[in-house]
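[1] Take a look and give me a structure for this.
(chains A, B, C and D)
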4 protein chains.
Amino acid sequence: MSTQELRVGMVGYAFMGAAHSQAWRTVNRVFDLPLRARMVAIAGRDTSKVAAAATRLGWDESVTDWRELIARDDIDLVDVCTPGDSHCEIAVAALRAGKHVLCEKPLANSVEEARTMTATAARARIDGVRAMVGFNYRRVPAVAYLRELVANGRLGAIRHVRAVYLQDWITDPQFPLVWRLQRDKAGSGALGDIGAHIVDLTQYVTGELITGVSGLTETFIRERPLPAEASGLSASAGNGATPATGPVTVDDAALFIARLSGGGLASYEATRFATGRKNGLRVEVNGSLGSAVFDLERLNELEFYDATVPGPQQGFSRILVTEGDHPYLSAWWPPGHIIGYEHSFTHQIRDLIEAVAVGADPSPSFEEALQVQLVLDAVERSAGAGSGWVPVAAPTVQALA
Amino acid sequence: MSTQELRVGMVGYAFMGAAHSQAWRTVNRVFDLPLRARMVAIAGRDTSKVAAAATRLGWDESVTDWRELIARDDIDLVDVCTPGDSHCEIAVAALRAGKHVLCEKPLANSVEEARTMTATAARARIDGVRAMVGFNYRRVPAVAYLRELVANGRLGAIRHVRAVYLQDWITDPQFPLVWRLQRDKAGSGALGDIGAHIVDLTQYVTGELITGVSGLTETFIRERPLPAEASGLSASAGNGATPATGPVTVDDAALFIARLSGGGLASYEATRFATGRKNGLRVEVNGSLGSAVFDLERLNELEFYDATVPGPQQGFSRILVTEGDHPYLSAWWPPGHIIGYEHSFTHQIRDLIEAVAVGADPSPSFEEALQVQLVLDAVERSAGAGSGWVPVAAPTVQALA
Amino acid sequence: MSTQELRVGMVGYAFMGAAHSQAWRTVNRVFDLPLRARMVAIAGRDTSKVAAAATRLGWDESVTDWRELIARDDIDLVDVCTPGDSHCEIAVAALRAGKHVLCEKPLANSVEEARTMTATAARARIDGVRAMVGFNYRRVPAVAYLRELVANGRLGAIRHVRAVYLQDWITDPQFPLVWRLQRDKAGSGALGDIGAHIVDLTQYVTGELITGVSGLTETFIRERPLPAEASGLSASAGNGATPATGPVTVDDAALFIARLSGGGLASYEATRFATGRKNGLRVEVNGSLGSAVFDLERLNELEFYDATVPGPQQGFSRILVTEGDHPYLSAWWPPGHIIGYEHSFTHQIRDLIEAVAVGADPSPSFEEALQVQLVLDAVERSAGAGSGWVPVAAPTVQALA
Amino acid sequence: MSTQELRVGMVGYAFMGAAHSQAWRTVNRVFDLPLRARMVAIAGRDTSKVAAAATRLGWDESVTDWRELIARDDIDLVDVCTPGDSHCEIAVAALRAGKHVLCEKPLANSVEEARTMTATAARARIDGVRAMVGFNYRRVPAVAYLRELVANGRLGAIRHVRAVYLQDWITDPQFPLVWRLQRDKAGSGALGDIGAHIVDLTQYVTGELITGVSGLTETFIRERPLPAEASGLSASAGNGATPATGPVTVDDAALFIARLSGGGLASYEATRFATGRKNGLRVEVNGSLGSAVFDLERLNELEFYDATVPGPQQGFSRILVTEGDHPYLSAWWPPGHIIGYEHSFTHQIRDLIEAVAVGADPSPSFEEALQVQLVLDAVERSAGAGSGWVPVAAPTVQALA
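    Here you go, the predicted structure:
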């Protein structure tokens, strides 16, 4: 194993912080990499909580101001795991200080912020500073393998994409008003939180871009109790006889139809009201030569229909994407031994470390994430204007002076 | 078994004619009904072909003009199985002659024709003449059972419907220009042919109506060889060195998003370019208390998620809808013995015979089919106008004098 | 359609009688055959019940003694649908009278009777009289297609077969003592009723024979209420305050392991106590080059694993066996339109009619069914003798003088 | 997090060593436990390889003789991850030295060794020294939840268990003769390696013991090339023109039928020749009130059939066992975020640490593993004696003086 280190500082220690920490701890134990990650420090506002998190998650120290991480010389990379409202400030400061940045999705809460961040990253790139966005599902082996299949022409011309991301964690009207339901913190609701994933994932696997959309959004429950305490995607309402309530300011669900740059049609749905669907990201791609289906709740599998085999034996094959000849998997367990959600983060960091080590730009870049943001913005604008068609152009980026 | 007869004349003997004939032959063998169907005569233009069809399909005689069926006294009901362009003329004539009518979907090729037919049916109803439309999938036991579940409140408030009808029989650009690809014969492409089914089915199971849509249509292959011969959904192109071609004048695929009368959101897709999907009608309904999924390729099953059972044991149950306590099934085979596509037609006729016998109006009525037509028309208008929102009003029907 | 007739008489009108009648009524409507089936007469002991059955099921007349069918000149074929205890007497008499015979499985209630029937059939064959046994599942298209795959070497050397036939219709201890639970009527319990199917089906698809077995049987509920009335697989117990009971004299469940003539290993299970499994016949075959899985509750599908395609894309393909290039299906509906349980009977009769017309021996012959009987007999003997190994030899048949 | 440590030494660093290391590294990061695992030292025979393994897997130091671990004062627990032929010597030495022991399954390569180990563990228990066996699949949340369901009576009386563990990693006759194919190293083939898992798992979830068996074993490929190099379940043969070969001395496949202590019947199959099945452990349990199915390739799911809900809505529910109210899962990710194979080891160590901390005996004990060994031994004896019935008695254990 390499003795050269990549020294990491992380901001945030909730759900994403825990997932990223697991990845930083594990990546060099499984993959043979040119740099060895060192978990130097974690930043959070509450002194005792962040200290406990550091101990629990395996960071050498904790600090209470993320600016400390940026000011230090012994940190090479800043991993941004906070809610979207602080991404821009932290990432821009880090990049300007010459730190590589891994930023959780969505890149920002507004297109304007995303543009700023992208321009900053373009400037930093000139100095060899790397910026990457955490669309971790790209690193699920079955997704990476699907991209390979499409890139190798195995699906032919893409005719249809249908993508849904279905959850049900707020169907109960008594579920409290957590930060993810507030526009000022989260920027957007289901659309930005989980819709962003399927926009990125489908563009990634097809290698095509969305060129226009027509959309619809809805907030089914418009007023919710204020939360007593919350973490991750679970929370409880306050216990008062009549708990105080507040307005939900983001969408509960968003649907849109789209056209792809290659001439195909696509549909998207993101919702937190699909009872029974827990983490139901499902994508189907139909091409002129074949089709494929991916389902995150069965992330070790890919269904592939090959229309070039003899007619009578054509069918959707359930490929168990767990073998040594599948992406990322030779480093893990024997055939058929499945991996979990968290492994996508380990793979993400593996790719990031390799990019940093060889001086290449990691993907997805801030620019790619900005383009996703532009799609989501177009959906919101369409939904706000009678679902009329809103074209989406690829972003043009100018490096910030 | 009853000795009183319901004397039937049928027009058309292709795919739908064969399916309906199988049902007319079988219905009294399986169900105990107040009337006994008698297959009196079948009408078609080609003398020898229609005579062969009569022998093969089990009709007592054949005639070469459908008007003969209407003129005869020994026919009580006319079953219209022709392409959509002749539905209006035949059905209106039959109803005016006092014959009950079963008309295949789509009701007509235009809203105008559908309105005429609906008004005629309303007038005929006053005289006890019955009119029904062949949305046969309503009679799949799993679909009927899903409607019961929703009607009994088991899904709660409907939040989401997602419906697709996916086929792949014309993905090959050399597949010829059959009548289903010509607007003057078929009225519409995937939208009217299979999209109509999912519009009807989802409104039927939810008991709600679509109140507005935003849509998109596409014709991927715009020119095809002229057909040598065709039947059902299979055909072959002419053999000439350079076969003559003609323009495809209908949609290959149609997508739309919609709002439901109860406040829910819905998405729809109908396509003939979903490689690997043969008869892929799939509907998912999410409600505040539960969800359900139906897939026509596994039509003996219904997936049901009951959010009212204790949390840890919640899951999508694969109900094998083959038992004696499920709709229609006590008349068939023992537990777990599955039925096929054609049984939906037998059930349809069972319900029609019972309605005729007791003097009740069968459902779906022409009026219900007109409403489906209005939805499809709205989709086409939205698709033609930048996907902008097009509201859909329930039809108002005035009996034709 | 041919005008030459095959005149049929049937004995029995319960579950199997209804299924066979549906097939006789339908076969010439769907398949183009050299003979046209004529449903001449049905025999049963109760005058009014058999008359009602004739009307309902579509037979021209009814008689109260099966010997009448055999004595008549206007009957060419006798279809035996009674419980197993009368198969031998009826089939032997019919064959000796020169009638072709279709006999429901199991061939007989004892090996001795099966031997008599087989010898009689061998003698009749000399005179051009045909005998066939109703292992209808061979005619499920997916099963026939699986046999083709194996015969074409697509699975390579067969290593493993695992077959179960799971039902649950008598898990309730109050389910009454119907004829299927009485040794003198049924001969055997789950073993002979449904175990026979999986023995035949697996030998059929692999083209190999079972060469020895080690088995186990059990009767979980040994005493049951006497039935008030019963038909098919449903029944109700008498209503008396303390209903009379009687002993269950057959097995509720049977398990056995076996060796195949090609060197593979096999396991079998037949039970009526598998809660939730309604008609759960499931067979998996593993060969050196591929594997396949068939499940009767999804009889339109076959899972096929092809180990000769490139490693990363190997997987179990869910083949929808509903296409025109699959066995039997070009006569039915368009792509993806599924068929049901009853179609296996129609296909069985199609093959029988073709064999009769061309003077060929239909399969499965009585000899093949005798061999199945020998396997089941070996299982019972093993179970009765400490599960020790019992070899099974292929039957030697001598035509009865 | 506790500051009190549990100091661990591990023997072996191949597949199991890597899996256990991942668990030791992770357990305190995810679970809040009374002791903190410290990965003190790892033992292996090759100096440089074990040193590299220590660095890679996260152990503070490496040693080349496992006896060093036992001699040291700074080690509290020895984790035995070697092949089965050394389990007895190492575990006995460790227990006698007062070290807690976690021993991989199978407990030993012979019943005699297993008895010695069990007696030693019984003696050590008196002094508060703990011994546990690594049947890690008990700690898969879906398996633990299934045990709860059975224990709470939700399945009623157990009628049937059918369990298979299917792999295909040696179907290629050129796959080399690795240690798992040699009786002196591995003790047994598929039977002991993977058959042991399904014996333990089914007894664990049902709470019943196997009381007798009748079995069959087979070695399909009896001679294989000697290996060049091997690790985990992958290997390559030597490259010589005619590679030297050696005899396979273990079973490739084993099948057996059994009776359970509660009166039910069971069947088992373990094979490495099930083409297409990679890690296909599948267990179905049928009870008088319900059934359940577990499949290791979809280890985040449990199918549960509840026969106590109203008839028409009964079906196998696919429960996504990923929620906070399922065993072990409140410590991991939000709803629907799946875990992988390796998590079972983390859970195993969680339970072990808790047992050590509170002074309780962890389960599965050596005695439980000895009973599994007795079952496997009975299968081999039955297979060697014409598949005759071999009863299995629960072990009687006397603490070794």
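
[2] element containing the nearest residue to A:F135 once chain neighbours are set aside, please.
    Closest residue in space to A:F135, ignoring its immediate chain neighbours: A:D200 at 4.5 Å, by Cβ to Cβ, 6 or more residues apart in numbering or on different chains. From N, CA and C alone the C-beta is placed, and that goes for glycine too. In the assignment (DSSP states H and E), A:D200 maps to helix A:196-206.

[3] for the record, mean pLDDT for that helix?
    In this model, helix A:196-206 has an average pLDDT of 98.

[4] That one packs against which elements?
    helix A:141-151, strand A:158-166, strand A:265-271, strand A:280-287, helix A:366-383 (3 or more Cβ pairs under 8 Å, 6 or more residues apart in numbering or on different chains; DSSP states H and E).

[5] Quick check: which ranges of the stretch 1-150 of chain A have low pLDDT?
    For the stretch 1-150 of chain A, the stretches with pLDDT under 70 are A:1-2.

[6] all strands for it, in order.
    A:5-11, A:36-43, A:61-63, A:77-80, A:100-104, A:131-134 (DSSP state E, counting those that start in this stretch).

[7] Quick check: nearest residue in space to the residue lying farthest from the centre of chain A, chain neighbours excluded?
    Using Cα atoms, centre = their mean, the residue of chain A lying farthest from its centre is A:P312. It sits 39.6 Å away. Nearest in space to A:P312, with sequence neighbours left out and distances taken as Cβ to Cβ, 6+ apart, is C:D325 at 4.9 Å.

[8] Pull the number of nearby residues for the one you found.
    As a burial measure, C:D325 scores 13 neighbours (other Cβ atoms under 10 Å in any protein chain shown).

[9] Could you grab the helix/strand/coil label for it?
    At C:D325 the chain is in coil, as set by DSSP: H, G, I helix; E, B strand; the rest coil.

[10] ok, it to B:G280 distance?
    Distance, C:D325 to B:G280, using Cβ to Cβ, to the nearest Å: 19 Å.

[11] Now for the residue nearest the centre of chain A: which residues touch it?
    By Cα atoms, centre = their mean, chain A has its centre lying nearest to A:F135, at 3.0 Å. By Cβ atoms under 8 Å, 6 or more residues apart in numbering or on different chains, the residues touching A:F135 are A:105, A:196-197, A:200-201, A:204, A:364, A:369, A:372.

[12] circling back to that earlier point, quick one: strands adjacent to the next helix or strand along the chain from the helix holding A:D200?
    Going down the chain from helix A:196-206, the next helix or strand is strand A:210-218, by DSSP H and E. Strands adjacent to strand A:210-218 in the sheet, as given by DSSP bridges, are strand A:253-260 (antiparallel), strand A:390-391 (antiparallel).

[13] Residues contacting strand A:210-218, please?
    So strand A:210-218 is in contact with A:189, A:191, A:199, A:203, A:251-261, A:266, A:375, A:378-380, A:382-383, A:387-392, B:214, B:216, B:257, B:259, B:265, B:387, going by Cβ under 8 Å, 6+ apart.

[14] Just the buried residues out of these, in ChimeraX syntax.
    Selection command for ChimeraX covering only the buried members of the contacts of strand A:210-218, criterion 16 or more other Cβ atoms under 10 Å in any protein chain shown:
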select /A:189,191,199,203,251,252,253,254,255,256,257,258,259,260,266,375,378,379,380,382,383,387,388,389,390,392 /B:214,216,257,259,265,387
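
[15] Spell out which residues make up each domain of chain A.
    Domain segmentation of chain A under automatic domain parsing yields A:5-137, A:144-362+A:375-380.

[16] How many neighbouring residues does the residue of the stretch 51-200 of chain A found nearest chain C have?
    Chain C sits closest to A:Y145 of the stretch 51-200 of chain A, with a gap of 6.8 Å, by Cβ to the nearest Cβ. Neighbourhood size, A:Y145 [other Cβ under 10 Å]: 24.

[17] Surely it and A:Y328 touch.
    No - between A:Y145 and A:Y328 there is no contact under Cβ atoms under 8 Å: 9.5 Å.

[18] okay, now A:V321: neighbour count?
    Using other Cβ under 10 Å, A:V321 has 26 neighbouring residues.

[19] what's it sitting at in phi/psi?
    phi -90, psi 70 (degrees, to the nearest 10).

[20] my guess is it contacts A:A142, does it?
    Yes - A:V321 is within contact range of A:A142, at 4.0 Å (criterion: Cβ under 8 Å).

[21] overlap in contacts of the two?
    A:300-302.

[22] Please identify which of these is nearest to D:T120.
    A:N300 (40.0 Å; Cβ to Cβ).

[23] From chain C, how far out is the closest one?
    Separation of A:N300 from chain C (Cβ to the nearest Cβ, to the nearest Å) stands at 12 Å.

[24] so what's that residue closest to, chain neighbours aside?
    A:I338 (4.3 Å).

[25] mind checking the SS state of that neighbour?
    A:I338 - assigned by three-state DSSP - is coil.

[26] Could you check how many residues crowd around it?
    Neighbour tally, A:I338, other Cβ under 10 Å: 27.

[27] what sits against it?
    With Cβ under 8 Å, 6+ apart, A:I338 has these contacts: A:300, A:322, D:279, D:297-299, D:340-341.

[28] any idea which of the residues you listed is the one closest to A:M16?
    The closest of the contacts of A:I338, once distances to A:M16 are taken by Cβ to Cβ, is D:G340, at 19.1 Å.
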